[in-house]
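> below are the sequence and a predicted model; questions follow.
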Amino acid sequence: MPNKSPQYANDRCHFCLCKLKTPFARCTVCNINISPLCMVKQPPLTICNPKHHKHSLTLLVRLVIFTCNACGVEGDRNPYVCLQCNLMVHKDCIENLPRVICINRHDHRIFHTFHLGQREEHWECGVCRKTVDWVYGAFKCSRCPNYAVHSRCATKKEVWDGIELEDVPEEEEEVEEPFVVINEKEIIHFSHEEHVLRLDENYVTDNVNMRCRGCVLAINGDSCYKCVECDYILHKACASLPRKKRHLLHNHKLTLQVDEAASSDFVCTACRTYSNGFRYKCFEGCEDDVVYDVRCSSVSEPFQHDLHPHPLYWTLESSKRCQACGTETDDNLLNCTVCDDYALCMKCATLPRKVKHRCDDHFLSLCQGVGNASGNLWCDICETKTDPNVCYYTCEECGLSLHLNCVLGDFYYVKVIPDQPKVFANNGVTRLFCGVCEVRCKFPFIMWGAVGDFTGYVCSINCVFPKADK
């Protein structure tokens, strides 16, 4: 047992790959080093785990390149082999790879198999959207014959809740409906049980305060349910939101919350926008407060966006630049599997496609990459340049170009609650004055709040929380 590693030897343990500390064991015949921990707790020479494989698996102590038959990922040493079946498997896959699980990308349970089976079309992973090699192990659905997921993708912490479901009976979940049907036009929704809501197939209003209580977006000729006795209103889609659901944004089941109190403001975990509308929240014991607004929690795959011709997917890729706002981010990205460099952050992916603003009589549309003859665009609200390479709002009839933030501001997704005034429409003849930054507020909505010793109008999150990371 040498006190230091010779110059020709690898400085890591052959088994656990930890960096070696003296003393350690070395086999000069096999040219391998072994840490003291692995000497004491030696890996078993054979493993018999009938749940994973019907034959015993034998340790092959060699530096050998192989592809694991359980997960399809390459290894470089110490596989466990089955000579009868010609299998090579990582020790970690034998010990930790689950057999039956639920993931946030699929409605049914999926189970692990060593062979997907060959078919005419290639298998596509339901998480990363890359090809799954049918020769190696993966997860598949017994109900959906075309659904498969890479073993490593299915067991990522962002996808799987960590619960093994083998030998756990599958029970039909009781679905709690969000509303009671009175007739084909009327319902009673659980968020507003005191009154009846009546369906309007094409509701139009100029009242800027009349916005959906769920997603907090304006009702622009959309189908909606409107209260017959008060100003409560919901998009038809928001009224149909399930009270509990799995979603690709989180590995636990989420619960719909509809708190109407002014104190129910929150910041969406995905898009980081400030809101007080309906939200989906995790109650499964997550350390961080996990909460998603209706817009982000309604994103599904494949995600179609007007700005890009191909569908987008939540592929859990590393850092990319959002093509809509130009921001570099390492999470919460929807990616194009055709164009390697195209991605949208959740904030941009869920921007309203059309909005109304006091600066123009027409609807404003989300646009990108269209400039005038000189290539320059000017925002008619703040009177500074608009970059045509990032998203902006435009009026197709008048030719206006407006910054996203100038049109929306920070409080666009905060609903105005009549009996609990906190956010106000900034639509008077004179723009309201922010008492923190001491400028006229250019945004469509302004908040009344207390910042330190000051109480009054504040125009942005930066003014409410000067050091906040939006």
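Done, it's in. Residues are numbered from 1 along each chain as shown.

> helices along the stretch 351-470 of the chain, start to end?
All helices of the stretch 351-470 of the chain, identified by DSSP state H, counting those that start in this stretch, fall at 404-408, 461-464.

> can you tell me the helix or strand for residue 213?
Under the criterion DSSP states H and E, no helix or strand holds residue 213.

> that one and residue 53, how far apart?
As defined by CB to CB, to the nearest Å, residue 213 lies at a distance of 54 Å from residue 53. Bear in mind the C-beta positions are built from the backbone N, C-alpha and C, glycine included.

> who has more neighbours out of the two?
The neighbour comparison of residue 213 against residue 53 (other CB atoms under 10 Å) goes to residue 213, with 24 against 20.

> shouldn't the more buried one be in contact with residue 414?
No. The criterion here is CB atoms under 8 Å, and residue 213 misses it with residue 414 at 11.8 Å.

> tabulate the CA atom coordinates of stretch 452-460 in PDB.
Written as PDB, here are the backbone C-alpha positions of stretch 452-460 (Å, rounded to 0.1, in the frame of the first residue of the first chain):
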ATOM      1  CA  GLY A 452     -39.600  52.300   3.500                       C
ATOM      2  CA  ASP A 453     -40.900  55.500   5.000                       C
ATOM      3  CA  PHE A 454     -42.700  56.400   1.700                       C
ATOM      4  CA  THR A 455     -46.300  55.500   0.900                       C
ATOM      5  CA  GLY A 456     -47.700  56.300  -2.500                       C
ATOM      6  CA  TYR A 457     -47.600  55.400  -6.200                       C
ATOM      7  CA  VAL A 458     -44.800  53.200  -7.400                       C
ATOM      8  CA  CYS A 459     -44.300  52.300 -11.000                       C
ATOM      9  CA  SER A 460     -42.200  49.100 -11.100                       C
END
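
> flag every buried residue along that stretch.
457, 458, 459, 460 (16 or more other CB atoms under 10 Å).

> report pLDDT for the residue nearest to residue 65 when sequence neighbours are not counted.
Once flanking residues are discounted, residue 65 sits nearest to residue 76: 5.6 Å by CB to CB, 6 or more residues apart in numbering. On the pLDDT scale, residue 76 is placed at 85.

> ditto for residue 354
For residue 354, pLDDT reads 89.

> and what of residue 395?
89.

> what's the answer for residue 262, then?
Reading off the confidence values, residue 262 has pLDDT 49.

> weakest of the helices of the stretch 351-470 of the chain by average pLDDT?
Minimum mean pLDDT among the helices of the stretch 351-470 of the chain: helix 461-464, a mean of 82.

> next, the buried residues of that one.
Using 16+ other CB under 10 Å as the test for burial, helix 461-464 gives 461, 463, 464.

> so the first one touches residue 274, yeah?
Meaning residue 461. Yes. Residue 461 is within contact range of residue 274, at 5.9 Å (criterion: CB under 8 Å).

> nearest to residue 283 among the helices of the stretch 351-470 of the chain would be which one?
Closest approach to residue 283 among the helices of the stretch 351-470 of the chain (CB to CB): helix 461-464, 26.5 Å.

> ok, and what's touching that closest one?
For helix 461-464, the external contacting residues (CB atoms under 8 Å, 6 or more residues apart in numbering) are 274, 410, 434, 436, 437, 447, 449, 451, 458, 468, 470.

> now those residues: which count as buried?
For these, a burial check counting by 16+ other CB under 10 Å picks out 274, 410, 434, 436, 447, 449, 458.

> pLDDT-wise, what's the bottom of those residues?
residue 449 (77).

> tell me the bridge partners for that residue.
residue 456 (DSSP bridges).

> so where's the stretch 151-300 of the chain shaky on pLDDT?
260-263 (pLDDT under 70).

> strands of that one, start to end?
179-181, 186-189, 197-200, 224-227, 233-235, 244-247, 250-257, 266-267, 274-275, 279-282, 291-293 (DSSP state E, counting those that start in this stretch).

> so which of those strands gets nearest residue 337?
strand 244-247 (20.1 Å).

> tell me the helices and strands packed up against the closest one.
Under the contact definition 3 or more CB pairs under 8 Å, 6 or more residues apart in numbering; DSSP states H and E, strand 244-247 sits against strand 250-257.

> pull the residues that contact the strand it packs on.
Contacts for strand 250-257 (CB under 8 Å, 6+ apart): 103-104, 157-162, 178, 241-247, 264, 278-284, 286, 290-292, 297.

> which among those count as buried?
103-104, 159-161, 178, 241, 246-247, 278-282, 290-292, 297.

> got a markdown table for the buried residues of helix 461-464, with distance to residue 389 too?
Putting the buried residues of helix 461-464 into a markdown table (distance: CB to CB, whole Å) gives the following:
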| residue | distance to residue 389 |
| --- | --- |
| 461 | 25 |
| 463 | 28 |
| 464 | 30 |
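
> what's the closest of these to residue 32?
residue 461 (56.9 Å).

> give me every residue that touches the residue lying closest to the closest one once chain neighbours are set aside.
Leaving aside its chain neighbours, residue 461 sits nearest to residue 410 (4.5 Å; criterion: CB to CB, 6+ apart). Going by CB under 8 Å, 6+ apart, residue 410 touches 273, 274, 443, 459, 460, 461, 462, 470.

> want to try JSON lines for these, with distance to residue 149 as columns?
Output for those, formatted as JSON lines (distance: CB to CB, whole Å):
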{"residue": "273", "distance to residue 149": "31"}
{"residue": "274", "distance to residue 149": "35"}
{"residue": "443", "distance to residue 149": "43"}
{"residue": "459", "distance to residue 149": "46"}
{"residue": "460", "distance to residue 149": "42"}
{"residue": "461", "distance to residue 149": "38"}
{"residue": "462", "distance to residue 149": "41"}
{"residue": "470", "distance to residue 149": "34"}
